[in-house]
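Participant: the sequence and its predicted three-dimensional model are supplied below.
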Amino acid sequence: MNTFSSTQALRNVLFVPHGAPTFALNPGAAGAAMSQVVQQLTTPRAIVMVSPHWETALPTVGLATQPQTLHDFYGFPAPLYDLKYPATGCPEAALEVVATLQAHGFEVQTDAQRGLDHGAWIPLRQMFPDADVPVIPLSVQSHAGPTHAYRVGQALAGLAAQNIWIVGSGNVTHNLGDFRMARMRGEHTPAYVQVFADWLAAHLGQGDLEGLLNYRQHSPEGVRAHPSEEHLLPLFTALGAAGAGAVPHAFHRGISDCVIAMDGYVFQ
């Protein structure tokens, strides 16, 4: 895991991998890195959790005081369905999220019942295993693309300065067809997985915002890495929330299940 200079503050913004649901049972090196990086940040008063597994037409903020643990997957080992993440919500801070997005011109909806899908609770179990930090779910709009996701993050940047963490959960590569094929055949990692992860890391390091937002045109393997965009959009929200001049650092880079790049980023 990377360590960071004490002379440069880490911002309260992360992009974390959630992998396949089995990551909850076998977190490995990615889970350990996720657990360690949070120790270098101040404990948040709440976390805005942006998960690709909650897709809505408009930005939607969860207001539940006791969000349920959603097991929104099928065909995985039975012990996964027994796992719970009993975090509380934070309606007061959630309404701050709503007001902030509205102040930046977004039409916003709320959901008083929304629970925590596996894109939220699986990484949160690694970061805060005692479920002692309130969580505010925020949906993604996969139809609206990277620039919209980035603008949502920009709107949330002020909250990060108030010790509300902005956490985007996703995967640097996410091709379900290739994932299923790998599970059936036990295939080796296709070359595009590392190629795209390396391209993304390089362009994040260069601060190439235009190239990143248009990765489907500029990257060599972006379309195969993401046949649909929802699992990469939370990275753009994190990038926007980190603010101008933020320097992304990979706290973990690696591949699981042959085809899922598990890279995670924190911003300095």
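Facilitator: That came through, no problem. Bear in mind the structure is a predicted one, so any value in this text is a computation, not a measurement.

Participant: next one: the closest residue to Pro91 other than its chain neighbours from Val98, what distance?
Facilitator: Ranked by Cβ to Cβ, 6 or more residues apart in numbering and with sequence neighbours excluded, the top spatial neighbour of Pro91 is Leu63, at 5.0 Å. No exception for glycine: its C-beta is placed from N, CA and C like everyone else's. The gap separating Leu63 from Val98 is 9 Å, by Cβ to Cβ, to the nearest Å.

Participant: same deal with Thr56?
Facilitator: In terms of Cβ to Cβ, Thr56 sits 14 Å off from Val98.

Participant: cool, and Glu210?
Facilitator: From Glu210 to Val98 the distance is 30 Å (Cβ to Cβ).

Participant: hang on, Ile136 packs against Thr60?
Facilitator: No - checked against Cβ atoms under 8 Å, the pair Ile136 and Thr60 is beyond contact range at 11.1 Å.

Participant: in this protein, which spans are helices?
Facilitator: 28-37, 91-103, 118-127, 145-160, 176-185, 191-206, 209-213, 215-218, 222-225, 233-242 (DSSP state H).

Participant: quick one: the last one to chain centroid distance?
Facilitator: Right, the one you point to is helix 233-242. 9 Å (Cα atoms, centre = their mean, to the nearest Å).

Participant: anything in contact with each of Leu63 and Val98?
Facilitator: Thr110 (Cβ atoms under 8 Å, 6 or more residues apart in numbering).

Participant: circling back: of Glu210 and Val98, which one has the most company?
Facilitator: Using other Cβ atoms under 10 Å as the criterion, Glu210 and Val98 rank with Val98 on top: 20 against 9.

Participant: show the contacting residues for that one.
Facilitator: So, once contact is read as Cβ under 8 Å, 6+ apart, Val98 ends up touching Val61, Val108, Thr110.

Participant: which one of the residues you listed is nearest Met49?
Facilitator: When the contacts of Val98 are ranked by distance to Met49 (Cβ to Cβ), Val61 comes first, at 10.7 Å.

Participant: show me what contacts the closest one?
Facilitator: Residues in contact with Val61 (Cβ under 8 Å, 6+ apart) are Ala94, Val97, Val98, Leu101, Val108, Gln109, Thr110, Asp111, Ile136, Pro137, Leu138, Ser139.

Participant: run the last query once more with 7 Å
Facilitator: By Cβ atoms under 7 Å, 6 or more residues apart in numbering, Val61 lies in contact with Ala94, Val97, Val98, Val108, Thr110, Ile136, Leu138.
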